[in-house]
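>>> can't give you the sequence, but here's the structure:
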């Protein structure tokens with residue numbers, strides 16, 4: 001009888017240790033599951049942005065062919081929350097090249113470049129985390145655009161493409177209206193050449209993984 005009690009008393013610390021290990025291990029697993037999956041990319045300078053529009057006569061296209069800023073885009077997948085895509089692109093409107101001095105000058109004037117010198121794109125969210133295992137992924141997301149002091153939120157389709165070890169290409173495009181930003185499209189030659197209200201913005205970002 002005494003031996004039996006001794007064995008039970010001796011086994012108690014082992015049982016308590018096992019229970020504590022299971023409890024703490026469970027907390028650690030839960031902590032790992034709740035830890036956000038975060039990916040960061042640096043925007044490379046060979047990224048580009050294009051603004052394209054149309055008049056009643058022909059089409060026009062204005063480009064920023066090199067992105068000089070060292071901005072970072074972050075993608076964070078937090079459990080039970082929206083996937084956050086954060087980061088901001090700040091384009092110098094004076095850097096737009098329309099391959100025509102007249103059109104370039106008109107675009108800068110229309111976008112009020114002297115008062116609002118930058119065209120900003122802020123990334124907000126994605127519907128799903130990019131796996132970056134397949135060649136190309138289409139993922140819907142949201143962003144904010146700030147132009148001429150007006151901020152608007154839009155939804156668009158992003159395209160993620162793996163282009164090499166540690167590098168991806170992120171592209172997207174959206175059709176805007178000058179009137180979205182309280183702007184009036186330019187008119188030339190006493191109104192005979194009329195620029196349409198709609199214009200397309202497309203970007204191609206080369207991103208390097210951190």
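That came through fine. Small disclaimer: the values here were computed from a predicted structure and weren't measured. Residues are numbered from 1 along each chain as shown.

>>> counting contacts, what elements does the helix or strand residue 139 falls within pack onto?
Using DSSP states H and E, residue 139 sits in strand 136-147. Strand 136-147 makes packing contacts with strand 118-126, strand 150-164 when contacts are defined by 3 or more CB pairs under 8 Å, 6 or more residues apart in numbering; DSSP states H and E. Placement of C-beta: from N, CA and C, glycine included.

>>> Tell me which other helices or strands the longest one touches.
Yep, that's strand 150-164 we're talking about. strand 136-147, strand 167-177.

>>> Between these, which one is closest to residue 41.
When these are ranked by distance to residue 41, counting by CB to CB, first place goes to strand 167-177 at 7.0 Å.

>>> Just put the helices and strands packed on strand 136-147 in a markdown table and tack on mean pLDDT and mean neighbour count.
A markdown table is the format used below for these (pLDDT from 0 to 100; neighbours: other CB atoms under 10 Å):
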| stretch | mean pLDDT | mean neighbour count |
| --- | --- | --- |
| strand 118-126 | 91 | 18 |
| strand 150-164 | 91 | 14 |
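
>>> Now render these as TSV, adding distance to residue 89.
TSV is the format used below for those (distance: least, CB to CB, whole Å):
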stretch	distance to residue 89
strand 118-126	4
strand 150-164	13
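
>>> Out of those strands, which is closest to residue 132?
strand 150-164 (5.4 Å).

>>> Parallel or antiparallel, which strands does the closest one pair with?
Partner strands for strand 150-164, per DSSP bridges, with pairing direction: strand 136-147 (antiparallel), strand 167-177 (antiparallel).

>>> chain center to the longest one: distance?
In other words, strand 136-147. In terms of CA atoms, centre = their mean, to the nearest Å, the gap separating the centre of strand 136-147 from the centre of its chain is 6 Å.

>>> The protein - how does it break down into domains?
Annotated domains of the chain cover 1-35, 36-209 [automatic domain parsing].

>>> in this structure, which spans are helices?
For the chain, the helices defined by DSSP state H cover 2-34, 101-110.

>>> shouldn't residue 98 be in contact with residue 60?
Yes. Contact status for residue 98 versus residue 60: in contact at 6.1 Å, counting by CB atoms under 8 Å.

>>> Just say which of the domains of the chain is most tucked in.
domain 36-209 (a mean of 15; mean count of other CB atoms under 10 Å).

>>> Relative to residue 66, how far out is the residue nearest to residue 68 when sequence neighbours are not counted?
Leaving out its chain neighbours, the residue that sits closest to residue 68 by CB to CB, 6 or more residues apart in numbering is residue 45, at 6.1 Å. For residue 45, the distance to residue 66 equals 5 Å [CB to CB, to the nearest Å].

>>> so where is the chain shaky, pLDDT-wise?
Applying pLDDT under 70 to the chain picks out residues 1-36, 78-82, 134, 188-192.
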